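Q: this is a predicted model, with the sequence first.
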Protein chains: 2
Amino acid sequence: MTQTTAPVSDRTRVRREADRGRYDKETLHAIIDAAYVCHIAFNDDKGTHCIPTACWREDDHLYIHGSNGSRMLKVAAAGLQVCVTITHIDGLVLARSAFNHSMNYRSAVIYGVFERIPDERKAGRLDAFMEKLAPGRSREARPGDATELAATTVLRVSLAEAACKIRTGGPHDSEEDMSRDVWAGVLPMTTAGQTPIPDGPMSRMPDYVAKWAAD
Amino acid sequence: MTQTTAPVSDRTRVRREADRGRYDKETLHAIIDAAYVCHIAFNDDKGTHCIPTACWREDDHLYIHGSNGSRMLKVAAAGLQVCVTITHIDGLVLARSAFNHSMNYRSAVIYGVFERIPDERKAGRLDAFMEKLAPGRSREARPGDATELAATTVLRVSLAEAACKIRTGGPHDSEEDMSRDVWAGVLPMTTAGQTPIPDGPMSRMPDYVAKWAAD
């Protein structure tokens, strides 16, 4: 992705609430890196679909993976245009008027075509995904064997054609509504880790487990 | 939506990990009711798009709303097929082998065509949305006036053609991996409310604000 503060294509220009549009690489990378899943829209002979799947980023590409048998991966790998979207909801914005209610959010919309990662590079990419989720774990868990890797498809899409949209802050009420006796403000929300659930007795607890619920 | 435990169409039949498929109304309603936003996939002359937007449910329809000027709403209201998807991520599932890692999640995929809510029914639907977000608030905030309501499009899509997919529980490792000395289990996550941020001094605090961060 070229560093830019303007949309790179007509379809990535944010029209509604255009002041919320962001086109810089740092914003896009941060939104992707904070996500566990993306939604992928594609079209096939049965219609338009929207499927959630795990994702991660390396440099200027977003990666997904899954079973070779996945319809979504087969269609995505076939080279048709997809739209990949990530959304984080940060809060409900309660205004004094119903009309001015809103949400705080960060979203990224990426247009592109997936390309298949060659067999010899798949293990490295899957390790990178594991390291994103749990730093150090790619050296602890049993690595994929030849059969497991062969059964897995890894795809990536360029971040070249993308746009972000962000809303932050409190409500924007009109002057005449400001004196109304109704609570106004933001109800913030976040994705929070909860107490880890070990699958039986564990002899050790790695950092990413110990710190999970504190994040 | 007819109560069913089987897919109602070929495109709602869950193929990958078919045991995770759910087709009953209770599951679908619970997934939608727990969501603040959905992702809407649609196709137009610029390609396939995937746009996040706020949503709510009444009976057997999912509703969205927005400015009359929204491209997405205009296209959605034009009667073409859309796919509406909601995803909740409940945890990372860390297995002893890299291959068996997974995520716990609840997702719903709805196929359909949006229909426009007539002007005289819009205010009632928007009140229902407000009540979902903040019970009682539709009687506290200033209601939309004629101009505001006229500027707002409300659409709904039937839940008749939908499928859910759910994964819960711990990792499934193969027998020969069970003795590996690596932490295995679930790192659960949830959407958590944080301390409300009032937009200036407030003379009262409604229940939905007082309880927000405790949820």
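A: Structure received.
Q: the helix or strand harbouring residue A:65 and chain B in contact?
A: Assigned by DSSP states H and E, residue A:65 belongs to strand A:61-67. Yes. Counting by CB under 8 Å from any CB of the partner chain, chain B is contacted by strand A:61-67 at A:66, A:67. Placement of C-beta: from N, CA and C, glycine included.
Q: for that strand, packing partners?
A: In terms of contacts (3 or more CB pairs under 8 Å, 6 or more residues apart in numbering or on different chains; DSSP states H and E), strand A:61-67 is packed against strand A:37-44, strand A:47-54, strand A:56-58, helix A:71-77, helix A:119-133, strand A:152-158.
Q: which one of the ones you listed lies nearest to residue A:94?
A: strand A:37-44 (26.7 Å; CB to CB).
Q: which residues does residue A:57 bridge with?
A: residue A:62 (DSSP bridges).
Q: gap between it and chain B?
A: Distance of residue A:57 to chain B, computed by CB to the nearest CB, to the nearest Å: 17 Å.
Q: surely that residue and residue A:84 touch.
A: No. Using CB atoms under 8 Å, residue A:57 is not in contact with residue A:84, being 11.1 Å away.
Q: tell me which of those two has more neighbours.
A: Legend: neighbour count by other CB atoms under 10 Å in any protein chain shown for residue A:57 and residue A:84, higher for residue A:84 (25 against 20).
Q: and that one, which of the three is it?
A: strand (DSSP: H, G, I helix; E, B strand; the rest coil).
Q: okay, now the unreliable bits of chain A?
A: Of all residues in chain A, those with pLDDT under 70 make up the ranges A:1-4, A:215.
Q: hmm, back to that, and the helices and strands packed on strand A:61-67 as CSV, adding distance to residue A:8?
A: Shown next, in CSV, are the helices and strands packed on strand A:61-67 (distance: least, CB to CB, whole Å):
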stretch, distance to residue A:8
strand A:37-44, 19
strand A:47-54, 23
strand A:56-58, 18
helix A:71-77, 21
helix A:119-133, 25
strand A:152-158, 11
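Q: those: which one's closest to residue A:193?
A: helix A:119-133 (11.9 Å).
Q: please save the CA atoms from that closest one in PDB.
A: The C-alpha coordinates for helix A:119-133 follow below in PDB (Å, rounded to 0.1, in the frame of the first residue of the first chain):
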ATOM      1  CA  ASP A 119       3.300 -24.800  -0.600                       C
ATOM      2  CA  GLU A 120       6.900 -24.000   0.400                       C
ATOM      3  CA  ARG A 121       5.900 -20.700   2.000                       C
ATOM      4  CA  LYS A 122       2.700 -21.900   3.800                       C
ATOM      5  CA  ALA A 123       4.400 -23.100   7.100                       C
ATOM      6  CA  GLY A 124       6.100 -19.700   7.500                       C
ATOM      7  CA  ARG A 125       2.900 -17.800   7.100                       C
ATOM      8  CA  LEU A 126       0.900 -20.000   9.500                       C
ATOM      9  CA  ASP A 127       3.700 -19.500  12.100                       C
ATOM     10  CA  ALA A 128       3.400 -15.800  11.700                       C
ATOM     11  CA  PHE A 129      -0.400 -16.100  12.400                       C
ATOM     12  CA  MET A 130       0.300 -18.200  15.500                       C
ATOM     13  CA  GLU A 131       2.900 -15.600  16.700                       C
ATOM     14  CA  LYS A 132       0.300 -12.900  16.300                       C
ATOM     15  CA  LEU A 133      -2.200 -14.800  18.500                       C
END
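Q: partner residues bridging the nearest residue to residue A:49 once chain neighbours are set aside?
A: Nearest non-adjacent residue to residue A:49, counting by CB to CB, 6 or more residues apart in numbering or on different chains: residue B:83, 5.1 Å away. Under DSSP bridges, the beta-bridge partners of residue B:83 are residue B:41, residue B:111.
Q: and residue B:83, how many residues sit next to it?
A: If we define neighbours as other CB under 10 Å, then residue B:83 has 27 of them.
Q: now swap in residue A:99 and tell me
A: By the criterion of other CB under 10 Å, residue A:99 has 21 neighbours.
Q: may I have the phi/psi pair for it?
A: Residue A:99 adopts backbone torsions of phi -60, psi -30, taken as degrees, to the nearest 10.
Q: who's in contact with the closest residue to it other than its chain neighbours?
A: Nearest-residue entry for residue A:99: residue B:148, 4.1 Å, with adjacent residues in sequence omitted and distances by CB to CB, 6+ apart. By CB atoms under 8 Å, 6 or more residues apart in numbering or on different chains, the contact set of residue B:148 is A:97, A:98, A:99.
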